[in-house]
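# I need the structure of the sequence given here:
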Amino acid sequence: MLVPQRQELLLRELRATGAVRVAALAARFGVSAGTIRRDLSELAESGRLTRVRGGAIPAGAGAAAARPAPAAAGPTLGLLVPSATYYYPSVLAGVREVAARHGARVVIALADQGRPHDVARLDELRASGADGLLVATPGDHHLPSGTLTALRATGRPFVLLERRPRDPYAPCEFVVSDHHQGAYRAVHHLHKLGHDRVALYLAGSPTAPLVREGHRAAVDRLGLSPAAPVLDVGRQADRGYDAFVDRCLDTGTRAALVHSDRDAVELLQRLRARGLRVPEDLALIAYDDEIAAMAEVPLTAVAPPKRQLGEQAAQLLLDRLGSGPLPHRQVTIQPRLRVRGSCGQDAG
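Numbering: from 1, shown residues only. The predicted structure is shown next:
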């Protein structure tokens, strides 16, 4: 990972959590504590954060950070997410912004990635005094039925984040990105640029099946060639970048949608090492828009509305906590396509 990429991710984590520690960041990014200290020093010198012993706090927090915050007058929102570092920091920022406007407190728990059916974290949030729950479980986009049962058993109102009940008729509130639409728009954009074959690279995230369905719908509706490769490496250690490039070249495919940003950046580097150019030899669109803009060739990217997801979910939960009986609301928000240099058309 390049230094600017690591520092941007560091700042995102700081904005999401309010404080970061050197040891945790070193483990997170797989670098030495000295490297993280240098990053923090550089960011402090540019005024983007404030150094404290063992870590950093947001810029300008200063002495105020040392004073205990006044107790929130409003309710406590319990938030369960799979990660506080990738994808979800912007979601957390949206939740915190809405909570702050209502004088509410946010308590976060991180789900165990290897145990999607584990409900112990829900019990911990309830025990911490959470009046309502915002829930994004690890694993599949569809919430396990056992988890839905456990949520109802808490007796707390809840809203799902980027998750739906497996039963489409289950009465349940959720806020999700329309990842079908996001993938469709990416393929449609490449088609408008003259590509009749658009490959797809996936790496086994909960979003991957939805992106695949959107890609398939675009291929069918736009009449594109089905010969373009579709590769899902899942959680394999071998990410299959070179095999994917070979299959694109063999089939005459000159455009690809790549989920996620990190894989798109790695793929771009592999292409350059092989003497291939982006977008001339292979046009790329990334999916997530976390670090896409910082790639060597800035990557066009599908940007799910992460901050808005957090804002909408927090507002739904606060409405339910503050009012009488309400109808269940289910919100779907469309991602944006941010056009940069990697697909052959600059924004503008």
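
# residues contacting the residue lying closest to His191 once chain neighbours are set aside?
Distances taken as Cβ to Cβ, 6 or more residues apart in numbering place Leu222 nearest to His191, at 5.1 Å, with adjacent residues excluded. C-beta here means a position set from N, CA and C on the backbone, and glycine is covered the same way. Counting by Cβ atoms under 8 Å, 6 or more residues apart in numbering, Leu222 makes contact with Val187, His188, His191.

# got these as JSON lines, with neighbour count columns?
Shown next, in JSON lines, are the contacts of Leu222 (neighbours: other Cβ atoms under 10 Å):
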{"residue": "Val187", "neighbour count": "26"}
{"residue": "His188", "neighbour count": "16"}
{"residue": "His191", "neighbour count": "19"}
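
# just give me the longest helix of the chain.
In terms of residue count, the longest helix belonging to the chain (DSSP state H) is helix 306-322.

# since we're on the residue nearest to Ala227 when sequence neighbours are not counted, how many residues are nearby?
Take Ala227 and drop its neighbours on the chain: the residue closest to it by Cβ to Cβ, 6+ apart is Thr251, 4.9 Å away. Close neighbours of Thr251, defined as other Cβ atoms under 10 Å, add up to 14.

# pLDDT value on Thr251, please?
Per-residue pLDDT puts Thr251 at 97.

# how close does it get to Tyr287?
21 Å (Cβ to Cβ, to the nearest Å).

# one more: Val198?
As for Val198, its distance to Tyr287 is 13 Å (criterion: Cβ to Cβ).

# more crowded one of the two?
With neighbours defined as other Cβ under 10 Å, Val198 and Tyr287 compare such that Tyr287 has more, 31 against 27.

# any low-confidence regions in the stretch 151-300 of the chain?
Judged by pLDDT under 70, the stretch 151-300 of the chain has no weakly predicted residues.

# let's see 80
By pLDDT under 80, the weakly predicted segments of the stretch 151-300 of the chain are 235-238.

# how about the helices in it?
Using DSSP state H, counting those that start in this stretch, the helices of the stretch 151-300 of the chain run over 179-192, 208-222, 241-250, 261-273.

# in this structure, which residue is most central in space?
With distances taken as Cα atoms, centre = their mean, the residue of the chain nearest its centroid is Tyr87 (2.1 Å).

# that residue is in contact with Lys306, isn't it?
Yes. Counting by Cβ atoms under 8 Å, Tyr87 does reach Lys306; the two are 6.6 Å apart.

# report the mean confidence score over the longest helix of the chain.
Mean predicted confidence for helix 306-322 is 94.

# on that earlier part again, out of the contacts of Leu222, who's nearest Pro229?
Comparing the contacts of Leu222 against Pro229 with Cβ to Cβ places Val187 closest, at 13.8 Å.

# burial check on the nearest residue to that closest one once chain neighbours are set aside, number of neighbours?
Nearest residue to Val187, sequence neighbours excluded (Cβ to Cβ, 6+ apart): Ala218, at 3.6 Å. Ala218 sits with 23 neighbouring residues when counted by other Cβ under 10 Å.

# give the contact list for Ala218.
Ala183, Tyr184, Val187, His188, His191, Val198, Leu224.

# looking at the residues you listed, which is nearest Leu161?
Distance to Leu161, by Cβ to Cβ, is smallest for Ala183 among the contacts of Ala218, at 19.8 Å.

# any idea how far the closest one is from Pro304?
Going from Ala183 to Pro304 by Cβ to Cβ gives 11 Å.

# could you do Gly182 as well?
7 Å.

# repeat for Leu110
For Leu110, the distance to Pro304 - Cβ to Cβ - is 20 Å.

# ok, those two, which is more surrounded?
Just comparing Leu110 and Pro304: by other Cβ under 10 Å the higher neighbour count belongs to Pro304, 26 against 15.

# confirm for me that the more buried one is in contact with Gln334.
No. Here Pro304 does not reach Gln334: they are 9.1 Å apart, not a contact under Cβ under 8 Å.

# find residues that contact each of these two.
Listed contacts common to Pro304 and Gln334 are Ser177, Gly182; contacts here mean Cβ under 8 Å, 6+ apart.

# re the thing from before, centre of the chain to the helix or strand that comes right after the longest helix of the chain, how far?
Next along the chain after helix 306-322, taking DSSP states H and E as the criterion, comes strand 330-333. The chain centre lies 16 Å from the centre of strand 330-333; the measure is Cα atoms, centre = their mean, to the nearest Å.

# and if you look at stretch 269-279?
26 Å.

# buried residues in that stretch?
For stretch 269-279, a neighbour-count test (16 or more other Cβ atoms under 10 Å) marks Leu271, Val278, Pro279 as buried.

# from the residues you listed, which is closest to Val245?
Leu271 (6.5 Å).

# the closest one against Val278, yeah?
Yes. Taking contacts as Cβ under 8 Å, Leu271 lies within contact range of Val278: 5.9 Å.

# without its sequence neighbours, what residue ends up closest to Ala286?
According to Cβ to Cβ, 6+ apart, the nearest residue to Ala286 is Ala264 (3.7 Å).
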